[in-house]
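Q: Provided below for reference: sequence and predicted model.
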Amino acid sequence: MHTYSLGNDSRFVIRKARRRLWPSAVALACAAFAAPTLGAQQLASIDTTYEFNDSHFHLTNYIQRGPDLRSFLAIMGRRVGHSALFGIPLQQKWSARVDGNNGPTYYLYTDAPLYYYSFTDAQIAMAYKALSPQEQARFDPMITGFDPSDLYAPDHIRRVLEIFPGVFTGIGEFTIHKEFVSAKVAGGVASLLDPALDSVLSFAGDAGLLVLMHNDIDVPFAKPGSPPAYLQQMRELVARHPNTTIIWAHTGVGRVVRPVHGHVAILESLINDPKLSNLYFDLSWDEVAKYLVASDTAIAVAAGLVNRYPDRFLFGTDVVAPADPQQYYRVYDIYRPFLERLTPAARAQLLRGNYERLFGAARKRVRAWEAAHDRQR
């Protein structure tokens with residue numbers, strides 16, 4: 001979730017990635033795959049005024065601090081058209097017993113636990129509401145401050161929609177399984193098998209809320225070649241909620257959860273499963289970019305996948321509380337070698353069109369749900 005420079009540890013991961021990144025699909029990279037042809041009207045409808053839309057952005061960090069929204073709007077400038085907008089649903093506890101006077105600002109900086117911080121939704125809503133209508137049109141706020149292992153979580157989401165009508169477009173980014181994070185959350189580990197998560201996704205489908213969910217495809221340091229720990233559970237979860245649009249953050253990989261054996265083939269099988277037509281993927285985070293740009297082969301294989309299925313991927317930075325444009329745009333720059341290998345049509349869909357389509361549709365559905373429920377009250 002956080003943005004870091006690629007140090008020695010990351011170079012080690014990249015060297016490993018050269019040997020195993022997307023291995024079963026390497027042969028596919030040798031063939032030329034053209035993106036499905038878009039109609040002239042579809043291409044013309046994509047806003048080319050900006051370089052990209054950001055499907056994955058955290059205004060605040062793990063201690064709920066970050067730039068004010070107008071400052072971030074200035075960072076967006078004329079390069080970013082629209083951005084999903086959320087904080088982080090987890091607060092890092094500062095325990096004097098553990099850390100003394102050294103207050104941790106990130107979850108890896110301490111052994112103290114994390115806990116759910118529901119006020120983040122009010123913070124995001126109030127920051128959004130302080131903008132002018134023209135400024136608001138650049139953002140899609142998301143609800144994140146709920147515990148996905150709590151059967152009362154839908155009540156929180158509904159309550160936020162009722163208190164802040166006209167604000168939110170979706171839920172997320174929220175986390176189920178995440179390396180180093182899940183085990184630190186006070187109150188128990190979330191699970192793809194938990195009925196509470198099904199209740200959240202069911203409500204999201206009813207209300208039209210777009211869902212952005214982080215779930216590692218496998219456990220850290222998994223035995224090479226072993227079946228991904230959470231793939232089947234994720235597949236079954238998405239299939240149980242066909243009316244809910246779900247974006248799987250980072251295609252299931254992370255800092256040390258590397259692409260699994262046959263990663264591209266697995267993604268392709270998910271995309272081609274008619275029961276999972278509601279499933280999309282975001283390509284975000286510098287920790288994910290290191291896999292995609294690890295070698296020319298890695299770039300070719302990843303670009304080939306997006307060129308074949310340009311309507312199923314969105315681009316996001318996953319930058320947390322940026323202090324300046326350099327920090328924010330650094331992630332986009334890391335992805336450039338990959339982006340340059342996409343066809344023009346696929347690049348337009350990844351960077352702009354799919355955001356406009358999915359977030360735009362969710363925005364309309366949520367406003368309709370709010371209007372219908374307002375009449376009922």
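A: That came in fine, so what should we check first? Numbering: from 1, shown residues only.

Q: CA only for contacts and neighbour counts going forward, please
A: Will do.

Q: in PDB, could you pull the C-alpha coordinates for whichever helix or strand S202 is part of?
A: According to DSSP states H and E, S202 maps onto helix 195-207. Extracted C-alpha coordinates of helix 195-207, given in PDB (Å, rounded to 0.1, in the frame of the first residue of the first chain):
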ATOM      1  CA  PRO A 195     -20.500 -14.800   5.900                       C
ATOM      2  CA  ALA A 196     -19.800 -11.200   7.000                       C
ATOM      3  CA  LEU A 197     -17.900 -10.600   3.800                       C
ATOM      4  CA  ASP A 198     -20.800 -12.000   1.700                       C
ATOM      5  CA  SER A 199     -23.100  -9.600   3.500                       C
ATOM      6  CA  VAL A 200     -20.900  -6.700   2.500                       C
ATOM      7  CA  LEU A 201     -20.700  -7.700  -1.100                       C
ATOM      8  CA  SER A 202     -24.400  -8.400  -1.300                       C
ATOM      9  CA  PHE A 203     -25.200  -5.000   0.000                       C
ATOM     10  CA  ALA A 204     -22.700  -3.400  -2.400                       C
ATOM     11  CA  GLY A 205     -24.400  -5.100  -5.300                       C
ATOM     12  CA  ASP A 206     -27.900  -4.000  -4.100                       C
ATOM     13  CA  ALA A 207     -26.700  -0.400  -3.700                       C
END
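
Q: quick one: contacts of it?
A: By CA atoms under 8 Å, 6 or more residues apart in numbering, the list of residues contacting helix 195-207 from outside reads 148-154, 170-171, 191, 210-211, 237, 241, 243-245, 365-366, 369.

Q: which outside residues touch the next helix or strand after that helix?
A: Next in sequence after helix 195-207, counting helices and strands by DSSP H and E, comes strand 210-214. Residues outside strand 210-214 that contact it (CA under 8 Å, 6+ apart) are 169-178, 201, 204, 244-250, 252, 358-359, 362.

Q: narrow those to those in strands?
A: Taking DSSP state E, the ones among the contacts of strand 210-214 that sit in strands are 170-175, 246-249.

Q: a markdown table please, covering the residues you listed and showing distance to I334 and pLDDT.
A: Below are these laid out as a markdown table (distance: CA to CA, whole Å; pLDDT from 0 to 100):
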| residue | distance to I334 | pLDDT |
| --- | --- | --- |
| G170 | 27 | 98 |
| I171 | 27 | 98 |
| G172 | 24 | 98 |
| E173 | 22 | 98 |
| F174 | 24 | 98 |
| T175 | 24 | 97 |
| I246 | 26 | 98 |
| I247 | 22 | 98 |
| W248 | 21 | 98 |
| A249 | 18 | 98 |
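
Q: nearest to T144, of these?
A: Each of the ones in strands among the contacts of strand 210-214 was scored against T144 by CA to CA, and G172 proved nearest at 4.9 Å.

Q: run through the bridge partners of that closest one.
A: L212 (DSSP bridges).

Q: dump stretch 351-363 to CSV, keeping only the CA atoms.
A: Taking Å, rounded to 0.1, in the frame of the first residue of the first chain, the C-alpha atoms of stretch 351-363 are listed here in CSV:
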residue,chain,number,x,y,z
LEU,A,351,-5.4,4.5,-18.2
ARG,A,352,-8.8,6.3,-18.7
GLY,A,353,-11.6,4.4,-20.3
ASN,A,354,-12.3,1.6,-17.9
TYR,A,355,-12.3,4.0,-14.9
GLU,A,356,-14.8,6.2,-16.7
ARG,A,357,-17.0,3.3,-17.5
LEU,A,358,-16.9,1.4,-14.2
PHE,A,359,-16.9,4.3,-11.7
GLY,A,360,-19.3,6.2,-13.9
ALA,A,361,-21.8,3.4,-13.9
ALA,A,362,-21.4,2.9,-10.1
ARG,A,363,-21.9,6.6,-9.5
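
Q: report the buried residues of it.
A: Buried positions in stretch 351-363, judged by neighbour count with 16 or more other CA atoms under 10 Å: 351-356, 358-359, 362-363.
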